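Trainee: Make a model of this:
(2 chains)
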Amino acid sequence: MAFLLHSPLCLLIAQLVVIIVTARLLGLAARKIHQPLVIAEVVAGILLGPSLLGLVAPDVEAALFPAASLGILGMLSQVGLILFMFLVGLEMDLGLLRGRGHTSVLISHTSIVVPFALGAVLALYIHPTLMPEGVAFSSFTLFMGAAMSITAFPVLARILTERRLLRTKVGAVTITCAAVDDVTAWCILAFVVSIVRATALTEAIVTTVLAVAYTLGMLLLVRPFLARVAARGTGREGLTQNIVAVTFVLLFLSAWATELIGIHALFGAFLMGAIIPREGGFARVLAEKLEDIVVIVLLPTFFALSGLRTQIGLLNTPEAWIQCALIIAVACLGKFGGSYVAARWTGLGWRESTALGILMNTRGLMELIVLNIGLELGVISPTLFTMMVLMALVTTFMTTPILQVVYPPELLAADVIDPPQPDTRVTLPEGFSVLMCVAFDRSGPGMAQIAGALVGKQTASDRLYGLQLHRPAERTSTLLEDEHSPESPGALEPLLARSRDHGLNVRPMSFVSGEPARDICSVAEVKDVDLILLGWHKTLFGQALLGGTVHDVMKDARADVAVLVSRDLTAVRRVLVPFCGAPHDELAVRLARRMAFAVGAEVTILRIRFRNADAPRVDAFLAGMAADKVTVVEAVDDGNKAVDLVVKAALGQDLVVLGAAPLSPDQIMTRCPTSFLVVHHHERAQPAQRRPRPLTEPQADAVAHG
Amino acid sequence: MHFGATLRLLRVDAGVSLRALAQKIGVSSAYLSRVENGHDQAPTPDRLMAIARALDLPPTLLIDLAQRVSPFVARYLEDVPSASYLFLEIARRKLSAAQLARVHAFLEAEFPARGATAGPATPRLHELLAPERVILKLSCSYLGDAIDVAAVRLANAAPGLSAAAIAAEIRERERESPTGVGHGVAVPHALGASVQPVAALVTLARPLPVATPDDIPLQMLLVLVGGGRSPLELLARAARLATPATVADLCQASTPEAALGRVRHVESEFG
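Mentor: Residues are numbered from 1 along each chain as shown, chains lettered A, B, ... in the order given. Okay, here's the model as predicted:
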């Protein structure tokens, strides 16, 4: 055996092989019993450690994992963890934390406070036996509290996705709560780490101040910078290696900074991941590039290392096992009990509350990460570490079976269809068609979002077209470009990708055009669409919103026109419609109402009363538009303050649907950070008389190509 | 080009049934059907002349399409055997189309044809096209979309017709019987004597997987509207573009002008 492992590199490679193979094999077994992969990986680590391999074949263990080699393995696993936390941050959409209402806030806070408190109480009881010497009692208590309140966001997200729970109400609430929980718990942990490391009070204060300053710097300086990088990087060639390199350098700098400050390097990685812009697929591509190597190669080394540190043999007395059981019980009671009670309090049924509680109770590998930090800091003893690892294992293990009992798949199926998609479509005029004109790939996803919100669940009579017009000059300029163009649909691709995510069928078209405005109008006419959707981007000269091609299309098109100004539009949940009574405003209200029916958006109509307005007509129109999700707010325009009223009301909205006149979109847009849909109404001469649908192609399987 | 498919296209647009045409030229309808489906060779020059008469087409056009030797030429060679030596020389030198054009020009200059060509000839294809009606590297998933885009450009050149109306007509005709003529070319059209003929050329960035007579996916469309007095002749001329070399050239053209030049070239090759 020894000759196979004669050099450190040989040893490391052999270790990697053994670790990965064991983890994968156990993973197959875990699949069989419907357990998440994490369980298998943690168990694999424990099996390779002193708990089993060390017990059965001490020689093999000593040869394979000699104490001297653990340093290298440790470093590798630390790098793996940094990358993994970065991935977790990437997956954590901070948008989830915004505007999810009272329910999530209450549940998530309760599910932190209760386990934290219980953990602290538990610390009181166990500190005589399990607290290492030389550790301040306060540090020990704080750490136990933090360790108890961790929720495994990644494991949770995976369980929810696998069981198709994400689109249920429980799933939505849970994932939000878990996100809030994780962010909060990590902040607490960062604080705890800084307290433990600090030798004096002043040092702790300095650390805290630095940490806050660092966080602000990341949010206010690095984030906008990254947004620019992302906007530039998602061109035709996608993510260039230079941009990936820049991102990694920033990631490692961030991790370094947090380590220097005295909170852990992992926080820097996590924060970096969380602030990567989501728009334009930057985060998605980055995650895809990174995920395999991290999850398959690097992460198992971390588990193996945790396993090597887990010595079940240390629990050699009945008292120890009783304490271990107590820890598990307190952990479940705190997390499960806390979330369950809070969920019942907010009005969820017992079934939903139980499901939510059990999901939040999943500790998974996040707990393991926390525990390893604790062990390295010396704030917990190896015995307590082992107990806590067992606790993490048990809580993760019990999630799936209990969920199965509480929430059987049949029930689930019924749940998915009902609440998230209120099927009030019956009241919608059937059949809506949109022509989406994409000039740059950045505008694609936003457009798909809007189309999805307008159409909801696409039926056979809803038609969506994606149109991209190339400038002729582009084509003749270089030979190289011509070679590429036939394969790459170019700017349409992000639109199509996002549409597929939403289950929408978009028919792509692209061709060379010297007169885009004219061709857009003609295609809209020949396709007989209800709405032309245009993108907006800053022009080189001047800032006017409705100029150039947009202006020409509005003037000439025989269909309604909407211009999307997307500012990270990732969901259409809350929509504001300023309403002054103009025809364009009426169109805005109709479109927003469509969104309310199609995807359950909450629509607020801000009715601005002018002194000379045609009030009875407007009243009648608004009465006709009344619906569940549509609320009308009155405002009086005293003087020339309409713009101010709109800007104020737009706070917290996802989207403002605005008529092209009489309010000035330019003025409002520059003062509001939300996304805009500026709509222009076209008087149809004869509204009826629809042409028959396209004849020469199948309609049912009209799947968009490419 | 797929001769059978082209023949069927012309026959359908002439409004003659398979049986009626077979009777007129004195063959069985089973044989004619086999020809149209490509299971039998193109008919003999004499039968082609008969078909041309029945469909009211210039005989040489059909013979060109079938790549047969014209009876005129055959008869001339019988009368003046030494002429065959000249053809042999040309064949041995493998003269290209451009070189043949020069020989042709020499003939014109030296021996002007007696009796100028009769009447107002049907317009050449490149005269019906214009740069703004050449759509290059269109990318779409359905033939219908391509037709719609072509209709948009055609409507600009056809006063009084809306793009929607044109597209509807063309789609209707396409649905009756597909207009693929082989080698990745289709000639969707809406013929009508009252409308001045216009054409649009569409090359596709990605071939369309639609049913074609020779199973080569669609790469190029020549869309015709109107037709004046001899619409069938225009269709036959359009079918002449369906050779591998021409299709490849047109699909690689990166400017409308280049594509037009190529069409003009094909037209001139056949005199």
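
Trainee: what secondary structure does B:Q219 sit in?
Mentor: strand (DSSP: H, G, I helix; E, B strand; the rest coil).

Trainee: Excluding chain neighbours, what is closest to it?
Mentor: Leaving out its chain neighbours, the residue that sits closest to B:Q219 by CB to CB, 6 or more residues apart in numbering or on different chains is B:G184, at 3.6 Å. For glycine as for every other residue, the C-beta is placed from the backbone atoms N, C-alpha and C.

Trainee: residues near the one you found, how many?
Mentor: Residues within reach of B:G184, counting by other CB atoms under 10 Å in any protein chain shown, total 23.

Trainee: check contacts around it.
Mentor: B:P207, B:T212, B:I216, B:P217, B:L218, B:Q219, B:M220, B:A242, B:V247 (CB atoms under 8 Å, 6 or more residues apart in numbering or on different chains).

Trainee: Relative to B:C251, how far out is the fourth one?
Mentor: This points to B:P217. The gap separating B:P217 from B:C251 is 12 Å, by CB to CB, to the nearest Å.

Trainee: A:M436: what secondary structure?
Mentor: A:M436, by the three-state scheme (three-state DSSP), is strand.

Trainee: so who does it touch?
Mentor: A:M436 sits in contact with A:M447, A:A448, A:A451, A:L464, A:Y465, A:G466, A:L467, A:L495, A:V506, A:L533, where contact means CB under 8 Å, 6+ apart.

Trainee: follow-up on the earlier one: looking at B:P217 and B:C251, which has the bigger crowd around it?
Mentor: Between B:P217 and B:C251, counting by other CB under 10 Å, B:C251 is the more crowded of the two (18 against 14).

Trainee: Model confidence score at the closest residue to that one other than its chain neighbours, please.
Mentor: Among residues not flanking B:C251 along the chain, B:T203 sits closest, at 4.8 Å (CB to CB, 6+ apart). As predicted, B:T203 sits at a pLDDT of 89.

Trainee: How many residues are close by B:T203?
Mentor: For B:T203, using other CB under 10 Å, the count is 23.

Trainee: Check B:V210 too.
Mentor: 17.

Trainee: if we can go back for a sec, wait, the residue nearest to B:C251 touches B:A146, no?
Mentor: No. When contacts are counted by CB atoms under 8 Å, B:T203 is not listed as touching B:A146 (10.0 Å).

Trainee: Name the helix or strand for the closest residue to A:L130 other than its chain neighbours, please.
Mentor: Nearest residue to A:L130, sequence neighbours excluded (CB to CB, 6+ apart): A:L384, at 4.3 Å. Using DSSP states H and E, A:L384 falls within helix A:382-406.

Trainee: again, but for B:R8
Mentor: For B:R8, the host element (DSSP H and E) is helix B:3-14.

Trainee: can I have the host helix or strand of A:V618 written out in CSV, keeping just the CAs?
Mentor: Assigned by DSSP H and E, A:V618 belongs to helix A:615-625. Output of helix A:615-625 as CSV, limited to C-alpha atoms (Å, rounded to 0.1, in the frame of the first residue of the first chain):
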residue,chain,number,x,y,z
ALA,A,615,-65.3,62.2,-14.9
PRO,A,616,-68.5,60.3,-15.7
ARG,A,617,-66.8,58.5,-18.6
VAL,A,618,-63.8,57.6,-16.6
ASP,A,619,-66.0,56.4,-13.7
ALA,A,620,-67.8,54.1,-16.1
PHE,A,621,-64.6,52.8,-17.6
LEU,A,622,-63.1,52.0,-14.2
ALA,A,623,-66.3,50.4,-13.0
GLY,A,624,-66.1,48.1,-16.0
MET,A,625,-62.5,47.2,-15.1
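
Trainee: After that helix, which helix or strand is next? Please name it.
Mentor: Helix A:615-625 is succeeded, C-terminally, by strand A:630-636 (DSSP H and E).

Trainee: Which positions within that next one qualify as buried?
Mentor: Residues A:V630, A:V632, A:A635 are the ones in strand A:630-636 that count as buried (16 or more other CB atoms under 10 Å in any protein chain shown).
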